[in-house]
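A.B. asks: Fold the following for me, if possible:
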Amino acid sequence: MEHEVFVPVPAEVLRETLTDPARVARCVPGLQQDADTEAGPLSGRLRIRAGGNTITYRGTLRLTERDGVVAVEGKGAEVRGKGSAQLSLTIALAPVPDGTTLTFTGALTSDGRLADLSAETRAAAGGRLLDRFAESLAAAAIDHLRADADADDAEAPTTSGLDADLEAEDDVDSDGVDDGVEEPHRPSVYDTPVPPPSLDPLGEEEFDEATVEYPAEAPAAEAAHARRTMIGRSAEEVDHAPPRGRYAPVPAPDSSTAGATLRWIAPAAALALASAVVVGRALRRRR
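C.D. replies: Numbering: from 1, shown residues only. This is a model prediction of the structure:
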């Protein structure tokens with residue numbers, strides 16, 4: 001099998017990424033790395049799609065560089081089945097204008113489900129897998145190149161721009177025009193002494209160090225009396241005093257007056273009734 005892919009990345013940058021197993025593992029489509037770090041970054045499960053079928057292999061890949069050519073050796077067994085596959089692949093990098101040409105040359109021997117497919121189906125699946133691998137490899141190389149550029153910019157000194165500005169200021173005369181004529185030195189407004197503020201007429205006078213006598217505190221009883229005098233009533237009187245004005249409660253009728261009136265009306269009524277009975281009997285006797 002032979003396959004060529006062009007990527008817009010310099011050959012040296014691409015070679016640096018291709019010889020790093022950890023970066024290559026992130027570029028292989030369908031590769032799920034093992035959790036065991038001792039097995040290596042190129043160990044795990046590889047899922048490929050060929051002819052409408054999805055086949056998952058479990059195995060390892062190994063990278064070696066020989067005379068500028070990267071050799072890839074891999075083998076794996078089907079996760080669901082008894083088939084296996086072995087891969088022998090070489091990757092050659094050829095610098096071309098505006099990029100690099102990757103040439104893949106190799107052979108694949110397999111049995112099981114992959115061997116049951118036709119040669120055209122296997123070739124199409126392999127070409128598609130290599131195209132996606134080359135695309136991911138180029139993206140990883142570009143990201144690595146940008147990271148290195150950002151690191152170099154961060155380590156570069158940042159005072160060069162300031163030095164250039166200072167040199168430009170030295171070349172300009174005091175009048176702001178570089179006309180080749182040396183102007184007399186003029187003091188800057190920032191060098192002019194600032195007089196002290198004179199808004200406070202007593203700011204420069206010195207106060208005598210005389211002691212100030214404060215009145216003594218009044219006793220507690222006098223203070224309470226003064227407080228009641230000032231506000232009229234104490235806090236306790238305010239809390240317990242009834243409201244006044246329109247919110248004052250309506251007083252209940254006086255029950256003592258009504259009781260006294262009833263006490264006089266009852267005997268008078270009894271006396272009138274007794275007099276009426278006596279007068280009635282007297283009139284009957286005369287008849």
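A.B. asks: wait, what's in contact with Arg49?
C.D. replies: Taking CB atoms under 8 Å, 6 or more residues apart in numbering, we find Arg49 in contact with 30, 55, 125. Just so you know, the C-beta spots here come from the backbone N, C-alpha and C atoms, and that holds for glycine as well.
A.B. asks: Can you list phi and psi of the first one for me?
C.D. replies: With angles defined as degrees, to the nearest 10, Gly30 shows backbone torsions of phi 80, psi 10.
A.B. asks: mind giving me a markdown table with the contacts of Arg49 and columns for distance to Ser84 and pLDDT?
C.D. replies: Shown next, in a markdown table, are the contacts of Arg49 (distance: CB to CB, whole Å; pLDDT from 0 to 100):
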| residue | distance to Ser84 | pLDDT |
| --- | --- | --- |
| Gly30 | 17 | 90 |
| Ile55 | 11 | 91 |
| Ala125 | 17 | 91 |
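A.B. asks: Tyr57: which element?
C.D. replies: Tyr57 belongs to strand 53-66 when assigned by DSSP states H and E.
A.B. asks: Give the buried residues for that strand.
C.D. replies: By 16 or more other CB atoms under 10 Å, the buried positions in strand 53-66 come out as 55, 57, 59, 61, 63.
A.B. asks: Give me the helices and strands touching it, please.
C.D. replies: Other helices and strands packing on strand 53-66, by 3 or more CB pairs under 8 Å, 6 or more residues apart in numbering; DSSP states H and E, are strand 43-50, strand 69-78, strand 84-96.
A.B. asks: Could you say which one of these comes nearest to Arg263?
C.D. replies: strand 43-50 (114.5 Å; CB to CB).
A.B. asks: quick one: buried residues of that closest one?
C.D. replies: Buried residues in strand 43-50, counting neighbours by 16+ other CB under 10 Å, are found at 43-44, 46, 48, 50.
A.B. asks: quick one: terminal-to-terminal distance for stretch 101-120?
C.D. replies: One end of stretch 101-120 sits 24 Å from the other (CA to CA, to the nearest Å).
A.B. asks: what's next to that stretch, contact-wise?
C.D. replies: Residues external to stretch 101-120 that are found in contact with it (CB under 8 Å, 6+ apart): 1-7, 14, 50-51, 53, 55, 72, 78, 81-94, 122, 126, 130, 134, 137.
A.B. asks: try 7 Å this time
C.D. replies: With CB atoms under 7 Å, 6 or more residues apart in numbering as the test, stretch 101-120 has contacts from 1-7, 50-51, 53, 55, 78, 81-94, 122, 130, 134.
A.B. asks: so which helix or strand takes in Ala147?
C.D. replies: Assigned by DSSP H and E, Ala147 belongs to helix 119-155.
A.B. asks: In that helix, which residues are buried?
C.D. replies: Neighbour-count burial for helix 119-155, counted by 16+ other CB under 10 Å, picks out 122, 125-126, 129-130, 133-134, 136-138, 140-142, 144-145.
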